[in-house]
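Colleague: Pasting a predicted model and its sequence here:
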Amino acid sequence: MSSDGKTIVAFGKCTDYDPSAVEAAVRAAVDAVGGIGAFVQPGQSVLLKPNLLTDADPDAAITTHPEIVRAAIRLVQEAGGVCRVGDSPASVIKHERVWERTGMRALCEEEGVELITLEQGGAREFREERQVFDIARRVLDADVVINLPKVKTHVMTSFTCAVKNIYGCVPGMAKAGLHKQYFNAADFGRVVAAIYGVVRPALTIADGVVGMTGNGPSSGQPTAMGFVAASADGVALDRCLCRSLRLDPRAVPYLPVLRRRGVGEHDERRIHVIGADLDSLLNRPVALPNTLRTRLIPSWLGRLFAPLLWCRPTFSDNCVYCGLCVRTCPADALTQEKGEKPVLAPKQCIECCCCHEVCPAKAVDMQLSRMFQRLVDHDKCLR
Ligand code: SF4
Ligand code: SF4
């Protein structure tokens with residue numbers, strides 16, 4: 001908190017992943033929100049939770065860059081904490097491959113830190129209002145969780161950073177099960193909000209050095225943003241980034257739910273921003289997901305006109321026939337012949353975007369029905 005009782009969101013300028021530049025920027029941002037000693041006490045076990053969605057190179061801007069994780073490890077160790085780095089990547093992708101490609105294995109070996117798969121060690125079930133979900137025990141067992149998200153736009157939730165990164169604390173296949181159970185964006189927003197209500201990280205350090213824009217979280221464009229950001233309040237941090245991206249927070253399904261539940265600071269007048277002017281943080285407007293307009297349709301209207309309002313995958317010639325989308329689809333809506341592109345059974349599709357998320361070849365495009373395209377003007381989703 002600042003001296004006038006406001007929630008602090010602090011930015012550190014950082015234009016590339018040079019290790020010393022990243023460490024300086026992370027340190028400056030964390031110092032501005034109270035210093036690492038405000039979050040980690042000597043001897044505490046600290047889980048560092050990066051976004052390790054898939055087996056992508058750091059340059060692809062899909063996963064948190066290892067230098068951000070390294071800087072966080074060093075800060076925690078200085079404070080006397082005992083670090084582990086962990087995540088639960090998409091379950092159809094071998095985790096060993098994820099650790100290799102994202103640079104996380106090499107980093108953890110260099111820093112002498114354990115790298116853990118969150119689904120090992122079991123899970124505990126939670127019931128929050130009408131949402132039921134599992135959280136990995138390895139998350140619950142940590143004294144402190146430090147959230148290390150990547151700043152990205154997202155075809156399902158419009159945007160992903162602090163709050164959405166905590167969805168990775170749901171272990172393995174249980175994530176696909178939640179997509180199936182809470183399949184429209186509004187219901188999915190409710191479950192993401194409920195999960196964030198249970199796993200509230202002590203500190204978030206966001207990787208916005210190079211983020212992703214357009215049809216993220218894996219098929220967008222890497223985009224130089226030039227910052228790291230830190231806050232004890234991930235909601236406030238997400239709200240600030242919505243403003244910089246010119247994104248209406250109502251198009252991010254979990255933010256209105258968290259606001260109604262009183263979780264996090266949503267009022268920009270009560271957020272003290274240090275180290276950046278939010279309106280000029282990104283020096284030009286960035287591309288937002290083509291699905292954005294669907295997120296402002298009230299869910300009752302979407303259900304009423306479901307046959308006419310849809311957002312379904314199409315498959316381009318980029319397809320390398322790997323079958324990951326077919327195996328990840330929670331609704332069994334895809335089939336595939338050897339050497340052919342997947343085929344969609346439209347009535348089975350629950351529009352969860354999981355196929356889009358795991359495709360390694362940017363071959364999946366989420367296409368809107370004509371009525372959806374007409375109903376909401378894309379520009380109305382922008383601030
Ligand atoms: S669309 Fe993507 S994920 Fe699906 S088979 Fe083709 S390359 Fe693989
Ligand atoms: S086809 Fe894609 S969008 Fe449709 S249910 Fe399967 S994974 Fe989800």
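Modeller: Happy to help now that I have it. Ligands and ions are numbered 1, 2, ... in the order given.

Colleague: secondary structure element for whichever residue of the stretch 51-200 of the chain sits closest to ligand 2?
Modeller: Per CB to the nearest ligand atom, the residue of the stretch 51-200 of the chain with the smallest distance to ligand 2 is His179, at 7.0 Å. Where C-beta positions appear, they are placed from N, C-alpha and C, glycine not excepted. In the assignment (DSSP states H and E), His179 maps to helix 174-181.

Colleague: Which residues does that helix contact?
Modeller: Contact with helix 174-181 is made by 88, 90-91, 123, 133-134, 167-168, 170, 188, 191, 328, 330-331, 350, 352, 354, as judged by CB atoms under 8 Å, 6 or more residues apart in numbering.

Colleague: Quick one: end-to-end distance for stretch 145-154.
Modeller: Start to finish, the residues bounding stretch 145-154 are 24 Å apart (CA to CA, to the nearest Å).

Colleague: That one and ligand 2 in contact?
Modeller: No - if you take CB under 6 Å from any ligand atom as the test, stretch 145-154 misses ligand 2, and the best it gets is 13.6 Å.

Colleague: pLDDT of that stretch, averaged?
Modeller: What stretch 145-154 shows for mean pLDDT is 97.

Colleague: Buried residues, it. List them.
Modeller: Going by neighbour count (16 or more other CB atoms under 10 Å), the buried part of stretch 145-154 is Val145, Ile146, Asn147, Leu148, Pro149, Lys150, Val151, Lys152, Thr153, His154.

Colleague: quick revisit: so how many other residues sit close to the residue of the stretch 51-200 of the chain closest to ligand 2?
Modeller: Counted with other CB atoms under 10 Å, the neighbours of His179 add up to 23.

Colleague: ok, now the one 3 residues further on?
Modeller: When neighbours are counted by other CB under 10 Å, Tyr182 registers 22.

Colleague: How about Asp332?
Modeller: Neighbours of Asp332 (other CB under 10 Å): 10.

Colleague: which stretch of helix or strand covers it?
Modeller: Secondary structure (DSSP H and E) places Asp332 outside all helices and strands.

Colleague: Might you report the residue contacts of the nearest residue to it once chain neighbours are set aside?
Modeller: Leaving out its chain neighbours, the residue that sits closest to Asp332 by CB to CB, 6 or more residues apart in numbering is Gln348, at 6.4 Å. By CB under 8 Å, 6+ apart, the contact list for Gln348 reads Ala331, Asp332, Ala333.

Colleague: What parts of the chain come near ligand 1?
Modeller: Residues of the chain lying close to ligand 1 (CB under 6 Å from any ligand atom) are 315, 319-325, 342, 359, 361, 363-364.

Colleague: List just the nearest of these to ligand 2.
Modeller: The nearest member of those to ligand 2, counting by CB to the nearest ligand atom, is Cys325 at 6.5 Å.

Colleague: For the helix or strand of the chain with the lowest mean pLDDT, which residues meet the burial criterion?
Modeller: Lowest mean confidence among the helices and strands of the chain (mean pLDDT, DSSP states H and E): helix 299-304, at a mean of 73. Neighbour counts over helix 299-304 (16+ other CB under 10 Å) mark Gly302 as buried.
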